[in-house]
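[1] Everything below, folded, please.
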Amino acid sequence: MIAGDLAQAALAHWPVLAREIGLDPASWRAAPLARREDARVARILLRMQGPGGARLVLKYEARPADPEKFAAAMAAHLAVQEVYAQGVPELLAFDVERRACLMAYLDARPLSVLLEGAPLTEQAALLRRAGVWMGGFHRALLGERRVFQPKHTVRFLRSVMSEISDGARQVAEPQRFLRCAEALCADQSLYEGRETITAQTHGDLHLRNLVMGQTGFWGLDFAGGRVVPVGHDIARLLADYAILHAPKEAIPEREVLPPKALSAFFDGYGLVAAEDPSVQLLLRNRVLAEWWGLPAKAEDRGPAQARRWAGVQALARRVFPGA
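    Residues are numbered from 1 along each chain as shown. Prediction:
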């Protein structure tokens, strides 16, 4: 028996889901696999092991208690599974009201874990694999070629700047933030009038939502993103890497990633190049988005947020020199 209220709540849903796919729930045993519990999210994954060594994953989300959001996530997963089955774990059963589901078990580790402490050459190789996965995902749900419109990103950024100036939004080091943001806004013309490609996006593509094993690379926890320029997914993932794992001394001035890491990712991706305007603008905007998304006061940041804050500041000094 696994201790903990969250685990016990998850196991309470196991019999219903197991019987739905023709399994005898009593012949399976659970072991902890992953857990997240904070003010916003309470989620647990259990590895269920059954006869003959068969393994499944039971996922339960206690918080947020939002069946509609859970249903949207399940629909997004199924939509990807239909066109890119090799890139996702198979979703076998789910219950929207219980906010629980069963998936195929993957012998894999998160990209965030694999990147941790790895030398740049190994990081680049991992990012190339991530690029291959994302290229396949975007091709499977491809939109259209269109002229990129940086005005939408700049307009929203200026609204954030206005809130900070008025005191309606609190950020750490507000004056420095505003200088960095103004520097990005001033470069709007660099991204005008150039084509990009759209696709159905993941919606929350950070490093923990990609996993790799000996036999493959898979995406998890699809948030049902919109059909928008591919730079949205790319920027989310690569900024996460740059903040938490990239050796900052290897990043040239005004760039976001080390050249070796950037070229490796796009060698694998292949759908657009690193020079794509949506990639270039949204990567830089993502650094600012991470900044304004963190608590303004140091005492309000937990250990993970404190690490992210340090990474954002080190990266901002490379991306916005002199600001």
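
[2] A298 is in contact with Q305, isn't it?
    No: in this structure, A298 sits apart from Q305 without contact. The criterion is C-beta atoms under 8 Å, and the distance is 9.5 Å. For the C-beta atoms, the positions are set from N, CA and C on the backbone; glycine is no exception.

[3] between these two, who's got more neighbours?
    Ranked by neighbour count (other C-beta atoms under 10 Å), A298 and Q305 place Q305 first, with 14 against 11.

[4] Which pLDDT value belongs to the more buried one?
    At Q305, the model reports a pLDDT of 95.

[5] ok, now R226?
    You'll see R226 listed with a pLDDT of 93.

[6] What backbone torsions are found at it?
    phi -80, psi 170 (degrees, to the nearest 10).

[7] Tell me how many other residues surround it.
    Neighbour count of R226, defined by other C-beta under 10 Å: 11.

[8] now K297
    So K297, with other C-beta under 10 Å, has 9 neighbours.

[9] give the contact list for L141.
    L141 makes contacts with A79, V80, V83, Y84, A199, Q200, V227, as judged by C-beta atoms under 8 Å, 6 or more residues apart in numbering.

[10] mind checking how far the closest residue to the last one other than its chain neighbours is from G293?
    It refers to V227. Closest residue in space to V227, ignoring its immediate chain neighbours: G143 at 4.5 Å, by C-beta to C-beta, 6 or more residues apart in numbering. Distance, G143 to G293, using C-beta to C-beta, to the nearest Å: 27 Å.

[11] Same check on L262?
    Here the criterion is C-beta to C-beta. By it, L262 lies 23 Å from G293.

[12] now do R308
    9 Å.

[13] between these two, who's got more neighbours?
    Each of R308 and G293 had its neighbours counted (other C-beta under 10 Å), and the higher figure belongs to R308 (19 against 11).

[14] okay, now D66: neighbour count?
    When counting by other C-beta under 10 Å, one arrives at 12 neighbours for D66.

[15] now the helix or strand hosting the residue nearest to V227: how far from the chain's centre is it?
    Of the helices and strands defined by DSSP states H and E, G143 is found in strand 142-147. Averaged C-alpha coordinates place strand 142-147 at 22 Å from its chain's average position (C-alpha atoms, centre = their mean, to the nearest Å).

[16] What residues of it count as buried?
    L142, G143 (16 or more other C-beta atoms under 10 Å).

[17] so how far is R158 from the closest residue to Q280 other than its chain neighbours?
    The shortest distance from Q280 to any residue other than its chain neighbours is 6.4 Å, reached at Y191 (C-beta to C-beta, 6+ apart). With distances taken as C-beta to C-beta, Y191 is found 15 Å from R158.

[18] what's the burial count for A273?
    Applying other C-beta under 10 Å, we find 11 residues neighbouring A273.

[19] Could you give the backbone dihedrals for it?
    Main-chain torsions, A273, degrees, to the nearest 10: phi -100, psi 170.
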